[in-house]
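Asks: this is a predicted model, with the sequence first.
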Amino acid sequence: MAKILILNGPNLNMLGKRQPEIYGHINLKEIESACEALADELKVEVNFAQTNYEGELVSLIQKANGKYEGIIINAGGYSHTSVAIRDSLALFSGMIIEVHISNIYGREEFRHTSMISSISNGVIVGLGAQSYNLAMRALTEFLLNE
Ligand code: CA2
């Protein structure tokens, strides 16, 4: 069974608590539960991690190598700044889908650039919590056709 790791970066543990006009009312636990239900349907295994620390994200990505066929990552604010996270993803041998809950292109200029997009297989942006489900479907589809 294919294994997918869903990684969330800084402040995504705050989802549902503030700024619902940007990120919606759903919290991270609810997003993860929805992904778990979808994993059953898609017959894949899914695991989750969230951290507010850049280095920890790097370590999680390194450890995922050889263990997971795919990573779905919302690196939060680090998406726009982190060469270290980009470098660790570039070393990952499986597929990568970058997701963002909000439409980063409709927000402040500094959110318009992602360090991760060009080394990802695909990017899903601005579709709310659904972004994660869509990424799981796309990844599963990719992996089946590999
Ligand atoms: O839209 C996304 O998914 C983001 O990756 C979310 C990040 C932001 O820095 C990126 O530019 C786009 C922020 C994480 C969530 O931050 C919250 C802050 C307060 C309340 C709820 C969430």
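Replies: Here it is on my side, so go on. Numbers count the residues shown, from 1 in each chain.

Asks: what about the strands in this protein?
Replies: 3-8, 45-50, 70-74, 95-100, 122-125 (DSSP state E).

Asks: correct me, but residue 86 touches residue 115?
Replies: Yes: at 4.3 Å, residue 86 counts as touching residue 115 under the criterion of Cβ atoms under 8 Å. Glycine gets a C-beta too; all of them are placed from N, C-alpha and C.

Asks: contacts for the helix or strand of the chain with the lowest mean pLDDT?
Replies: Within the chain, no helix or strand scores below helix 20-23, which has a mean of 86 by mean pLDDT, DSSP states H and E. Outside helix 20-23, the residues that touch it by Cβ atoms under 8 Å, 6 or more residues apart in numbering are 15-16, 101-102, 107, 128.

Asks: distance of residue 99 relative to the ligand?
Replies: 7 Å (Cβ to the nearest ligand atom, to the nearest Å).

Asks: now residue 109
Replies: 11 Å.

Asks: that residue: neighbouring residues, count only.
Replies: For residue 109, the count of nearby residues is 7 (other Cβ atoms under 10 Å).
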